[in-house]
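**Q** can you look at this prediction? I've put the sequence above it.
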Amino acid sequence: MPELPEVETIVSDLCKKVVGREIIGFWSQTPRIFPKNQISKLKSQINGYQIAKIDRRGKNILFYLSQGSKINSQKLLLIHPKLTGRLLIGNHFLKNPKNYIRAIFYLDNKTALAFSDVRKFGKIIFGDKKKIESLPDLKNLGPDPLDKIFTVKKFKSLISPQKRKIKLVLLDQEVIAGIGNIYSDEALWIAKIHPFTPSNQLTNHQLTKLYNAIRKVLKTSLRLRGSSMRDFRDTSGRAGGYIKIRRVYDREGLPCFRCGTKIKRIKMNVRSAHFCPQCQRI
DNA sequence: CGATTCCCCTGATAGC
DNA sequence: TGCTATCAGGGGAATC
């Protein structure tokens, strides 16, 4: 389940491997991951575009496409991997049905950029740069937790007016972009905060600790190229290393690394929150 | 505004 | 062995 460190890992791979390449063909037979009628649009319009730049906004991967120096021809390709989406580079894996290839962008160096997605929850949107940038998917996103503008002051101003449970607020992409179920649990454990604490009841000290915990856990995971619980892979199909050093996520019944108390898992809507009932109290 | 529930999808896993 | 029920989860929509 790609969150910020996993998506950033994908993007840094892509920057090395496909920036500068020209797209020379497109294939897909999975309409549900695109907006209506996008497959035929992509087939007829995307050929000849060069991948000029690749970026990330929250969990969204952005491909800036250009044709020569024509500014008005600038296009944007947005890919959101959701739960099981992967971006793979190469061509040897394309024909194997076990790779669940849902879309293929053929490149000018005899290789391809393929989108794999077992569950078909992923999203691919192609269009004019301005139009894509104004979609709620991007426009409504909160700040990126690793961005310079994401100061501790900014963080406090975003969290403290909220009445919702802190775990829910951390998962809300319109508050902060990029945190998902794994890193919200990990950060709350580090900061010793119960996931159900109402956000407006967090003390100034707790908020500072949570801010530092979020940044720390994301940077640590980034260094290890993300977490692979089940599904995440980088563009070469390799798993990330963070899960081996995780603190609470998916450790129900195992001892807390600080106090030895058994880690609990509680349902929060359809998601689950993992925490130490001893260290993390409301 | 906030809380809750359901839906999308399908491989993995647990229970019988 | 083989069947069936349940689960995982990002995000959006619907309802109260």
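**A** Done, it's in.
**Q** from here on, contacts and neighbour counts on C-alpha atoms
**A** OK.
**Q** count the residues that sit near the nearest residue to A:Ile190 once chain neighbours are set aside.
**A** Setting aside the residues directly before and after it, A:Ile190 is nearest to A:Ala213 in space (CA to CA, 6 or more residues apart in numbering), at 5.9 Å. As a burial measure, the neighbour count of A:Ala213 was computed by other CA atoms under 10 Å and equals 21.
**Q** now do the host helix or strand of A:Ala213: which elements does it pack against?
**A** In the assignment (DSSP states H and E), A:Ala213 maps to helix A:204-223. Contacting helix A:204-223 under the criterion 3 or more CA pairs under 8 Å, 6 or more residues apart in numbering; DSSP states H and E are the following elements: helix A:4-18, helix A:152-159, helix A:181-190.
**Q** neighbours of the nearest residue to A:Glu133 once chain neighbours are set aside, how many?
**A** Ranked by CA to CA, 6+ apart and with sequence neighbours excluded, the top spatial neighbour of A:Glu133 is A:Lys139, at 6.5 Å. When neighbours are counted by other CA under 10 Å, A:Lys139 registers 12.
**Q** what of A:Gly122?
**A** A:Gly122, neighbours per other CA under 10 Å, totals 21.
**Q** okay, it: pLDDT?
**A** In this prediction, A:Gly122 carries a pLDDT score of 94.
**Q** please verify my assumption that it contacts A:Pro81.
**A** Yes. A:Gly122 is in contact with A:Pro81 according to CA atoms under 8 Å; the separation is 4.7 Å.
**Q** and the helices and strands packed on helix A:204-223, which is most packed in?
**A** Per-stretch averages of neighbours, counted by mean count of other CA atoms under 10 Å, single out helix A:181-190 among the helices and strands packed on helix A:204-223, with a mean of 24.
**Q** chain A against DNA strand B: which residues are in contact?
**A** Residues of chain A lying near DNA strand B by CA under 7 Å from any atom of the strand: A:32, A:118-121, A:161-165, A:198, A:269-270.
**Q** dump these to a markdown table, plus neighbour count and secondary structure.
**A** Below are these laid out as a markdown table (neighbours: other CA atoms under 10 Å; DSSP: H, G, I helix; E, B strand; the rest coil):
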| residue | neighbour count | secondary structure |
| --- | --- | --- |
| A:Arg32 | 16 | helix |
| A:Val118 | 16 | coil |
| A:Arg119 | 11 | coil |
| A:Lys120 | 19 | coil |
| A:Phe121 | 14 | coil |
| A:Pro161 | 11 | coil |
| A:Gln162 | 15 | coil |
| A:Lys163 | 13 | coil |
| A:Arg164 | 17 | coil |
| A:Lys165 | 17 | strand |
| A:Pro198 | 19 | strand |
| A:Asn269 | 8 | coil |
| A:Val270 | 5 | coil |
